[in-house]
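**Q** Build me a structure from this.
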Amino acid sequence: MDHLLILLALFVGLIAGPLVVAKLWPSRRRCSGDATAGECGSSPVFWGTALGLSPFVAVTAALILAGPEASGNLATKLEIAAALFGMLGLLSIPLVICGFHTWKWNSDGLEFIGVFRRQSVLWNDIASVRRFKGMGWTLRTTRGSKLSTSSGYVPGEPLIIAALVAKRTDLAPSIIAALEDERR
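**A** Residues are numbered from 1 along each chain as shown. Below is the predicted model of the structure:
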């Protein structure tokens, strides 16, 4: 019975974890501002991935527990199910860590603040912009460094690109052309 309680606690933690994190840090999934200045966090996809995988793991664990008696005793089945939940938790850690990032932009430039990296780029230091069809943008600086956005994970990406178009009118034609090509 103790094994079952541990398994239940793991499952509740995996489902409740992303929801609790999203409630504690709501600014991570919001985007505020316009083409002159703003701030946004990551998409809820980071928080929802563990939640989305949890039913799969729960069904697998239920099948293990309800399997024929020949496949092992209850304690062994509970240990296997607990290992599945543990693996899901370990696989979710990188997604949760990646979800802690913020994009900020103002009249001076663009800043990415992540868990392991922080990068600031002045608007005037951007040498080129490249669009990956439906995937995001890569900004290359005059010093050769790159900063990339991803359309599915950065809710403020349209505002960031609007700010870039407003600040760098010389890059605006290539940005607008890339967007028009994508619409075709």
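
**Q** which residues of the chain score low on pLDDT?
**A** Applying pLDDT under 70 to the chain picks out residues 1-11, 13-30, 43-54, 56-57, 61, 63-65, 67-72, 95-96, 98-99, 152.

**Q** Point out the other elements, helices or strands, that the longest helix seen in it touches.
**A** In the chain, with assignment by DSSP state H, the single longest helix is helix 74-98. Helices and strands touching helix 74-98, by 3 or more Cβ pairs under 8 Å, 6 or more residues apart in numbering; DSSP states H and E, are helix 2-24, helix 45-66. Every residue, glycine included, has its C-beta placed from N, CA and C.

**Q** next helix or strand past it?
**A** strand 102-105 (DSSP states H and E).

**Q** Stretch 118-129: which residues count as buried?
**A** For stretch 118-129, the neighbour count (16 or more other Cβ atoms under 10 Å) marks 121, 123, 126, 129 as buried.

**Q** do stretch 130-137 as well
**A** Buried residues in stretch 130-137 (16+ other Cβ under 10 Å): 131, 136-137.

**Q** Nearest to residue 91, out of those residues: which one, please.
**A** Using Cβ to Cβ, residue 136 is the member of the buried residues of stretch 130-137 that sits closest to residue 91, with 23.5 Å.

**Q** just checking, the closest one touches residue 150?
**A** Yes - taking Cβ atoms under 8 Å as the definition, residue 136 is a contact partner of residue 150 at 4.2 Å.

**Q** Return every residue with contacts to both of these two.
**A** Shared contacts of residue 136 and residue 150, defined by Cβ atoms under 8 Å, 6 or more residues apart in numbering, are found at residue 157.

**Q** Give the bridge partners for residue 147, please.
**A** Beta-bridge pairing for residue 147 (DSSP bridges): residue 139.

**Q** Identify the residues contacting it.
**A** Contacts for residue 147 (Cβ under 8 Å, 6+ apart) come out as 110, 112, 119, 121, 138-139, 141.

**Q** Same check on residue 97?
**A** By Cβ under 8 Å, 6+ apart, the contact set of residue 97 is residue 115.

**Q** Quick check: it vs residue 117, distance?
**A** As judged by Cβ to Cβ, to the nearest Å, residue 97 and residue 117 stand 12 Å apart.

**Q** now swap in residue 129 and tell me
**A** According to Cβ to Cβ, residue 129 and residue 117 sit 20 Å apart.
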